[in-house]
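K.L.:
any chance you could fold what I've pasted below:
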Amino acid sequence: MQTVQTALWVVVMLVVLAILFDFMNGFHDAANSIATVVSTGVLKPGQAVIFAAFFNVVAIFVFHYSVAATVGKGIVQPGIVDTHVVFGALLGAITWNFITWYYGIPSSSSHALIGGIVGAVMAKSGASALISGGILKTVAFIFISPFLGFLLGSMMMVLVAWVFRRARPSRVDKWFRRLQLVSAGAYSLGHGGNDAQKTIGIIWMLLIATGYVSVTDKSPPTWAVVSCYLAIGAGTMFGGWRIVKTMGQKITKLKPVGGFCAETGGAITLFMATAIGVPVSTTHTITGAIVGVGSVQRASAVRWGVAGNIIWAWIFTIPASAFVAAVAYWVSIQLF
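P.N.:
Take a look at the predicted model:
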């Protein structure tokens, strides 16, 4: 049986691993916040990452902990989570994030984490230990969030084209270079608000499981909240340039007006999802919005082969990270 001191050291190490995942989340998903604003030339890469990181952190003052509560309390049955489950979940998510970052594939850090939790829990106790409502809600938004992004991005593009139909293209470009700063800031705010809370949620889950926090607490510890928002902001500042190229250049060629519409559509989707406590993929959301904007111009403006490869990565994210998490859980049991 573990002593309190040993248990504390295990918890500290797992919290550090969770914050490392959060940093990697920001690094991996930086492309979601800055790809459009960089590819349109509105901001230089160095300026864009600082800009996005700032709004990632500012999100701490905007959003409630609804997403953190879903991850921390709404996915796994009480009493199932232990340090081995959390270790497996984090290792599964980090491994998949590294693989997709290396190959420049814009997959979902969010669903990698959910897949990691599912895989580790199933390795311990089977599917009955999962809360079906929380899982189904998360899986449903794999499809809903890119669809909403697509719909809102394309609607924004149609609306803007109609409103500015008589304006000179050079003047429209000038206006939307400024407006894109607003839309990029809003998207980065939504990215920080939804994604940082996922890591807050798994730390909250760990602290409840190890007895350091009560399950009846309505909010996670302040130190966990601040640490996670700072970590995701720091990760964004380092940026994931391999994925920026895919998101900002390979799917479709964007102008400032298109970047504004994609970011605005994506930001609205993220704000809605965060308000109702759904951990969605910022990658899925902005990809759907970019495709929506491109398809309004003409169907051939979208490189559907690239979009198809991204969708395959989405499909494999949860099972792949779940498999790695299950293996990591088994290894953890043998070693510790």
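K.L.:
got phi/psi on residue 76?
P.N.:
phi -120, psi 140 (degrees, to the nearest 10).
K.L.:
actually residue 82, not the one I wrote
P.N.:
Per degrees, to the nearest 10, the backbone of residue 82 is at phi -140, psi -180.
K.L.:
residue 312: neighbour count?
P.N.:
Residues near residue 312, counting by other C-beta atoms under 10 Å, number 11. Every residue, glycine included, has its C-beta placed from N, CA and C.
K.L.:
same thing with residue 219?
P.N.:
Neighbours of residue 219 using other C-beta under 10 Å come to 14.
K.L.:
got it, and residue 90?
P.N.:
So residue 90, with other C-beta under 10 Å, has 24 neighbours.
K.L.:
which element is it on?
P.N.:
Per DSSP states H and E: residue 90 is located in helix 83-102.
K.L.:
what's that helix packed up against?
P.N.:
Packing contacts for helix 83-102, counted by 3 or more C-beta pairs under 8 Å, 6 or more residues apart in numbering; DSSP states H and E, involve helix 4-39, helix 109-125, helix 169-209, helix 241-245, helix 304-335.
K.L.:
try it again at 7 Å.
P.N.:
Helices and strands touching helix 83-102, by 3 or more C-beta pairs under 7 Å, 6 or more residues apart in numbering; DSSP states H and E, are helix 4-39, helix 109-125, helix 169-209, helix 304-335.
K.L.:
now do the second one against helix 4-39, angle only.
P.N.:
Looking back up the chat, that one is helix 109-125. 150 degrees (axes from the mean of the first three to the mean of the last three C-alpha atoms, to 10 degrees).
K.L.:
ok, residues contacting helix 109-125?
P.N.:
Contact with helix 109-125 is made by 25, 28-29, 75-76, 80, 85, 88-90, 92-93, 96-97, 129-130, 135, 138, 142, 195, 198, 202, 279-281, 317-319, 321-323, 325-326, 329-330, as judged by C-beta atoms under 7 Å, 6 or more residues apart in numbering.
K.L.:
if we go to 6 Å?
P.N.:
For helix 109-125, the surrounding residues in contact (C-beta atoms under 6 Å, 6 or more residues apart in numbering) are 25, 28-29, 75-76, 80, 85, 88-89, 92-93, 96-97, 129, 138, 198, 279, 281, 317-318, 321-322, 325-326, 329.
K.L.:
which among the residues you listed end up buried?
P.N.:
Buried subset of the contacts of helix 109-125 (neighbour count, 16 or more other C-beta atoms under 10 Å): 25, 28-29, 75-76, 80, 85, 88-89, 92-93, 96-97, 129, 138, 198, 279, 281, 317-318, 321-322, 325-326, 329.
K.L.:
which one of the helices and strands packed on helix 83-102 is the most hemmed in?
P.N.:
Neighbour counts (mean count of other C-beta atoms under 10 Å) averaged over each of the helices and strands packed on helix 83-102 peak at helix 109-125, with a mean of 27.
K.L.:
quick check: buried residues in the helix or strand just after that helix?
P.N.:
Using DSSP H and E, the helix or strand that follows helix 109-125 in sequence is helix 132-163. The neighbour-count check on helix 132-163 (16+ other C-beta under 10 Å) flags 134-135, 137-138, 141-142, 144-150, 152-154, 156-157, 160 as buried.
K.L.:
residue contacts, residue 258?
P.N.:
residue 293.
K.L.:
now do 10 Å
P.N.:
36, 39-40, 153, 156-157, 160, 176, 180, 252, 289-290, 292-294, 296-297, 301 (C-beta atoms under 10 Å, 6 or more residues apart in numbering).
K.L.:
for it, which three-state class applies?
P.N.:
Of the three states, residue 258 takes helix under DSSP: H, G, I helix; E, B strand; the rest coil.
K.L.:
relative to residue 292, how far out is it?
P.N.:
10 Å (C-beta to C-beta, to the nearest Å).
K.L.:
pass me the low-pLDDT residue ranges in the stretch 101-250 of the chain, would you?
P.N.:
104-106, 239-250 (pLDDT under 70).
K.L.:
now do the SS call for the residue lying farthest from the centre of the chain.
P.N.:
Within the chain, the residue lying farthest from the chain centre (C-alpha atoms, centre = their mean) is residue 166, at 38.3 Å. Of the three states, residue 166 takes coil according to three-state DSSP.
K.L.:
got the phi and psi for it?
P.N.:
The phi/psi pair for residue 166 (degrees, to the nearest 10) is phi -100, psi 0.
K.L.:
hang on, residue 219 packs against residue 64?
P.N.:
Yes - using C-beta atoms under 10 Å, residue 219 makes contact with residue 64 at a distance of 8.7 Å.
K.L.:
list the buried residues of stretch 67-85.
P.N.:
67-76, 80-85.
K.L.:
out of those residues, flag the one nearest to residue 107.
P.N.:
Among the buried residues of stretch 67-85, residue 71 lies closest to residue 107 (C-beta to C-beta), at 18.1 Å.
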